[in-house]
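[1] 3D, please:
(2 chains)
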Protein chains: 2
Amino acid sequence: MTTNISSDSPIGVFDSGLGGLTVLRALEKILPKESFLYFGDTAHVPYGTKSAETVTQYSRHILDFFVEHGTKAVVIACNTASAVACTTLQSEYEVPVFNVVTPSVEFASTITKTQSVGVIGTTATVQSGAYTAAFNSLNRGISVKEISCPLFVPLIEEGWAETSIAREVAMQYLSPLSTLNTDTLILGCTHYPIMADTILSAVPDHIQLVYSGETVGEQLKHHLKKEEKFNTENALKTTRFFVSDFPQKFDELGSRFLGRPLENVTHVSLL
Amino acid sequence: MTTNISSDSPIGVFDSGLGGLTVLRALEKILPKESFLYFGDTAHVPYGTKSAETVTQYSRHILDFFVEHGTKAVVIACNTASAVACTTLQSEYEVPVFNVVTPSVEFASTITKTQSVGVIGTTATVQSGAYTAAFNSLNRGISVKEISCPLFVPLIEEGWAETSIAREVAMQYLSPLSTLNTDTLILGCTHYPIMADTILSAVPDHIQLVYSGETVGEQLKHHLKKEEKFNTENALKTTRFFVSDFPQKFDELGSRFLGRPLENVTHVSLL
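    Residues are numbered from 1 along each chain as shown, chains lettered A, B, ... in the order given. Presented below is the predicted three-dimensional model:
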């Protein structure tokens, strides 16, 4: 299938699962006239525990799907795929590919006054060192503290994001930030915005959070403006959802992340 | 590849990931002279969030692999695959296939005095209703309380199985058992034996735990005896490990579940 790409073509957004819906939610707010295709690779979730080769291969299948559907831009909403697959995808595909790491790093570097930034994410994201590498490449002498918080995702998926147990877990993970001079904390996992209040309650008051959905949304908006690719058609904008499997608690989790019930969901088997 | 099956052929054991190593550990103890092949489908872990069709398809690929390697019996160490794929696999393959649900249910039904049994597992296992169905098919009037404990696996994988946070989570999940007359609790997830002490501390003193590795091990031993398939060769027994991906913390988690470092690990791509 070949589709002509124009300004009213949709924007592809993908994640290993449903967490990327928090990114989509931010993108829809920043770009309210655009159409989106969201792909949740729920048959392979989570990417964080898989090898870079495997994650890159899964991502290629999704990019092929987006190209077939004529997307004018692609956002990798998944931190793991952003860290390990983005550069490869950018070199292999013509469609502009955005990731959730770089925009947050650039934004955090402009707002930190203490030159000390924290990043929280899954074990895989932290072990990849992608955030520290991105800060280092800016060469601004910003010190970075990356902390893995592997229990946050299951707490959020359990609906316990704002319980005393979640706060106790958050305080355990985030206590190193209290002794540092950190004033900026990047939420380096798509799930974490759901737990933002608990996270804020577990860190010193002066720390401000950076949300990757917002930072990549601003970068994407800038790109569309520069390339004159804003959707100016009067056609109604649409958002369609594709998943590679229907997981447990799909509707409950989906609407928790997206902020509204999911409609137009299609099952697609890519393998 | 075709291999002749004899009494010194290995026993295949598979799980969606590494948790099934607690089952293998119990099997090695009960059947110390047998050789084992362990397959951890780490590229597709976890099965619990996938559809029955997807889990059955993954399981078929592993059964094919075991058949190629001439196994004389197969143990499904994964509760999800036991619940949704075992009957299909038993009808499609000649090799005897054992699961971890039935033996625990049969054992629990013989030891409960109050006729009230609890089962804890992942959300997927509990939602499958496999344990309740298995108890009902025994027709002994045993009442069953199934409780999903989705935070136990991440707590165990974080190495927090014996922390105060884990105990708080366990008390939250298991509090319904205090008001019931339950005297027997099945650990319906391969990870849970690692957290047994914390679980015991969160339930009334008279409750005894049932471990699926032990119950399926006794059933397998009975089968091998009846079929005269015990390994009587003087050849040294071996245990070999196969994984479909090398996940994060592979060595750490593997040795935590198995009780010793993993050796002889081979990467196999089944898809």
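[2] drop to CA atoms for contacts and neighbour counts, all remaining ones
    Will do.
[3] Helices of the stretch 1-150 of chain A, start to end?
    Along the stretch 1-150 of chain A, counting by DSSP state H, counting those that start in this stretch, helices occupy A:21-30, A:52-68, A:79-92, A:102-111, A:123-128, A:130-138.
[4] so where is the stretch 1-150 of chain A shaky, pLDDT-wise?
    Under the criterion pLDDT under 70, the flagged ranges of the stretch 1-150 of chain A are A:1-3.
[5] if you set the cut-off to 50 instead, what comes out?
    Within the stretch 1-150 of chain A, the stretches with pLDDT under 50 are A:1-2.
[6] hmm, back to that, is it possible to get CSV of the helices of the stretch 1-150 of chain A that adds distance to chain B?
    Converted to CSV, these look like this (distance: least, CA to the nearest CA, whole Å):
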stretch, distance to chain B
helix A:21-30, 18
helix A:52-68, 8
helix A:79-92, 12
helix A:102-111, 23
helix A:123-128, 7
helix A:130-138, 16
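[7] between the ones you listed, which one is nearest to B:L177?
    helix A:123-128 (33.8 Å; CA to CA).
[8] just checking, what packs against that closest one?
    helix A:79-92, strand A:143-148 (3 or more CA pairs under 8 Å, 6 or more residues apart in numbering or on different chains; DSSP states H and E).
[9] Redo those as JSON lines? Include distance to A:I186 and mean neighbour count.
    JSON lines is the format used below for the helices and strands packed on helix A:123-128 (distance: least, CA to CA, whole Å; neighbours: other CA atoms under 10 Å in any protein chain shown):
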{"stretch": "helix A:79-92", "distance to A:I186": "12", "mean neighbour count": "20"}
{"stretch": "strand A:143-148", "distance to A:I186": "9", "mean neighbour count": "19"}
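[10] need the ones you listed in a markdown table with distance to B:L151, can you?
    Below are these laid out as a markdown table (distance: least, CA to CA, whole Å):
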| stretch | distance to B:L151 |
| --- | --- |
| helix A:79-92 | 22 |
| strand A:143-148 | 17 |
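[11] hey, which of the helices of the stretch 1-150 of chain A is tucked in deepest?
    helix A:21-30 (a mean of 22; mean count of other CA atoms under 10 Å in any protein chain shown).
[12] For the stretch 101-250 of chain A, list the residues in contact with chain B, please.
    The stretch 101-250 of chain A comes close to chain B at residues A:123-124, A:150-151, A:154-155, A:158, A:165, A:168-169, A:245-248, as judged by CA under 8 Å from any CA of the partner chain.
[13] Let me see the domain layout of chain A.
    What automatic domain parsing lists as the domains of chain A is A:11-99+A:214-267, A:102-212.
[14] list the contacts for the residue nearest the centre of chain A?
    Closest to where the C-alpha atoms of chain A average out (CA atoms, centre = their mean) is A:A77, at 3.2 Å. By CA atoms under 8 Å, 6 or more residues apart in numbering or on different chains, the contact list for A:A77 reads A:13-15, A:20, A:23, A:99-100, A:190, A:213.
[15] and which of those residues is nearest to chain B?
    Within the contacts of A:A77, distances to chain B taken as CA to the nearest CA reach their minimum at A:D15, with 15.8 Å.
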